[in-house]
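Engineer: just a sequence and a predicted model for now, questions to come.
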Amino acid sequence: MRSEKINWKLLVVVTLLVVFVLNLSHVIAFVQMCWGAISSLVFGAMLAFVINLIMRPLEEQLGRSKSKWIQKGKRSISLLVSIVIVLAVLAGLVWLVVPSLIDAGEVMAKVLPKYYEQAEEFFTHLFKNNPEIVASIESLNLNWNEITDKMMSFLGSGVSGVLGNAVNVVGKVVSSIVNAIIIIIFAIYVLLDKQRFVNLYHRATKLWFKPETTARITEALNIIYSSFSSFICGQCLEALILGSTCALGMAILRLPYPLMIGTLVGVINIIPMIGAYIGGAIGMFMVFTVNPWLSVVFLIYLCILQQFESNVIYPRVVGRSVGLPGIYVMITVVVGGSLAGVAGMFLGIPIMASAYKIARIYFREAEQRKQAEIAREKANVQPKSE
């Protein structure tokens, strides 16, 4: 009888797999349709989770107040303060980075022709004994005015193309604005009414599951919450430390744009493992616009700082908070980045950390049960009487 049930289950699983493979295109279309319907709500929930990391301690602090009106509106007040903090941080980052990027672009447009001429003279002098190479170098003879005119013409044609498709552009812009508003509003609703979701969870688990199962689910959810919150807080703290150290070192070495490059390196470093290198490449380009030799100094300094960050700061700040071994971090970043890009690299680590912690608990309990069974079997074996 048991074998028949197992065969029926196997038959159902195989049938579902065959149907899935034969209708793969329809399944993918259905998944995409469902994602399009709920994507704004998912992003709103993610935004609510991040804001709640600031809101929760503020709400707990306000809860200690003896004032009745503060007790009554502690959630609304803490949410408002959290949103103001997030907006202030974003505005500060934009204020630090964007003006310097614009200035560097303008400087680069002015100095690039001069650097090209100097490089041409250097290579011409270097290969003066080889007339063929010199002729090839001189044949390049880039006309920067012509290049600038072509770029402006390209931008003009791009603008005309955009104007020609104005309806589509306006539609996409309006759709993006509407989605952003939905995300923000849904996040605010979730945060203001989060206790309702907690109560609903407790009612549903008591209704549908046994107490042991409810305890396991609650433990798993607490592990997932702890992993994500620890990872986000750890990444932000590590980015702050790295950005501040980078800016301070650049100021000591008298390198240009210390605040802007330090901020950029710190913010982009939120992307695990490769973020600092991306920020370093952009920073090196910015320093290059002022002085090419200083960009080499910046590169050497950033490599030293990156080694210090990878071996000292990151393991202590992020590694310990997440509790995931380095080899799993590497695997998660590679696989997550291949599957979902930057989002997969960023979200993969806390997901992997949650699965790792839950698996450790499962294996530990399974080993304890196995050892208990072995102990009972040994206890049941009676010694033979003489």
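Structural biologist: Thanks, I have the structure now.
Engineer: show me where this structure has strands.
Structural biologist: Per DSSP state E, the chain carries no strands over any range.
Engineer: for it, where's the lowest mean pLDDT among helices and strands?
Structural biologist: helix 144-164 (a mean of 51; mean pLDDT, DSSP states H and E).
Engineer: tell me which residue is most central in this structure.
Structural biologist: Of all residues in the chain, the one closest to the mean position by CA atoms, centre = their mean is F346, 3.4 Å from it.
Engineer: quickly note the distance from that one to T332.
Structural biologist: According to CB to CB, to the nearest Å, F346 and T332 sit 10 Å apart. Every residue, glycine included, has its C-beta placed from N, CA and C.
Engineer: what does K206 give?
Structural biologist: Distance, K206 to T332, using CB to CB: 35 Å.
Engineer: quick one: which of the two has more around it?
Structural biologist: Taking neighbours as other CB atoms under 10 Å, K206 and T332 compare with T332 leading, 24 against 11.
Engineer: so who does the more buried one touch?
Structural biologist: Going by CB atoms under 8 Å, 6 or more residues apart in numbering, T332 touches L324, M345, G348, I349, I351, M352.
Engineer: measure it to F363 for me?
Structural biologist: The gap separating T332 from F363 is 19 Å, by CB to CB.
Engineer: over to S229?
Structural biologist: In this view, S229 and F363 are 24 Å apart by CB to CB.
Engineer: and the nearest residue to N291 once chain neighbours are set aside, how far is that from F285?
Structural biologist: Closest residue to N291 apart from its sequence neighbours, by CB to CB, 6 or more residues apart in numbering: P256 at 7.5 Å. Distance of P256 to F285, computed by CB to CB: 12 Å.
Engineer: again with Q32
Structural biologist: On the measure of CB to CB, Q32 and F285 end up 37 Å apart.
Engineer: over to R254?
Structural biologist: 19 Å.
Engineer: same check on G73?
Structural biologist: 49 Å.
Engineer: show the contacting residues for N269.
Structural biologist: Contacts of N269 by CB under 8 Å, 6+ apart are E238, A239, L242, G243, G275, A276, G279, E309.
Engineer: out of these, what pair is the most spread apart?
Structural biologist: E238 and G279 (13.1 Å; CB to CB).
Engineer: now do the biggest helix by length in the chain: distance to the chain's middle.
Structural biologist: Across the chain, the helix with the greatest residue count (assigned by DSSP state H) is helix 326-380. Its chain's C-alpha centre and that of helix 326-380 lie 21 Å apart, by CA atoms, centre = their mean, to the nearest Å.
Engineer: and G44, how many neighbours does it have?
Structural biologist: 22.
Engineer: can you pull the contacts of it?
Structural biologist: Applying CB under 8 Å, 6+ apart to G44 gives the contacts I182, I183, I184, I185, F186, A187, V190.
Engineer: how much space separates the residue nearest to it when sequence neighbours are not counted from E238?
Structural biologist: Using CB to CB, 6+ apart and skipping the chain neighbours, the partner closest in space to G44 is F186 (3.3 Å). Going from F186 to E238 by CB to CB gives 29 Å.
Engineer: what of I361?
Structural biologist: 27 Å.
Engineer: between these two, which one's more packed in?
Structural biologist: Just comparing I361 and E238: by other CB under 10 Å the higher neighbour count belongs to E238, 21 against 13.
Engineer: could you check the pLDDT of the more buried one?
Structural biologist: What the model reports as pLDDT for E238 is 80.
Engineer: tell me, how many residues neighbour K210?
Structural biologist: Burial of K210 is recorded as 10 neighbouring residues (other CB under 10 Å).
Engineer: ok, now W95?
Structural biologist: 12.
Engineer: in this structure F228 contacts P350, no?
Structural biologist: Yes. Counting by CB atoms under 8 Å, P350 is a contact partner of F228 at 4.4 Å.
Engineer: that older thread, residues contacting the residue nearest to G44?
Structural biologist: Per CB under 8 Å, 6+ apart, neighbours of F186: S40, L41, G44, A45, A48.
Engineer: and those, which of them are buried?
Structural biologist: S40, G44, A48 (16 or more other CB atoms under 10 Å).
Engineer: and those residues, which of them are in helices?
Structural biologist: Per DSSP H, the subset of the buried ones among the contacts of F186 in helices is S40, G44, A48.
Engineer: which stretches of the stretch 151-300 of the chain form helices?
Structural biologist: In order along the chain, the stretch 151-300 of the chain carries the following helices (DSSP state H, counting those that start in this stretch): 166-192, 194-208, 211-252, 258-268, 275-290, 292-308.
Engineer: residues of stretch 24-41 that come out buried?
Structural biologist: Quick answer for stretch 24-41 (16+ other CB under 10 Å): S40.
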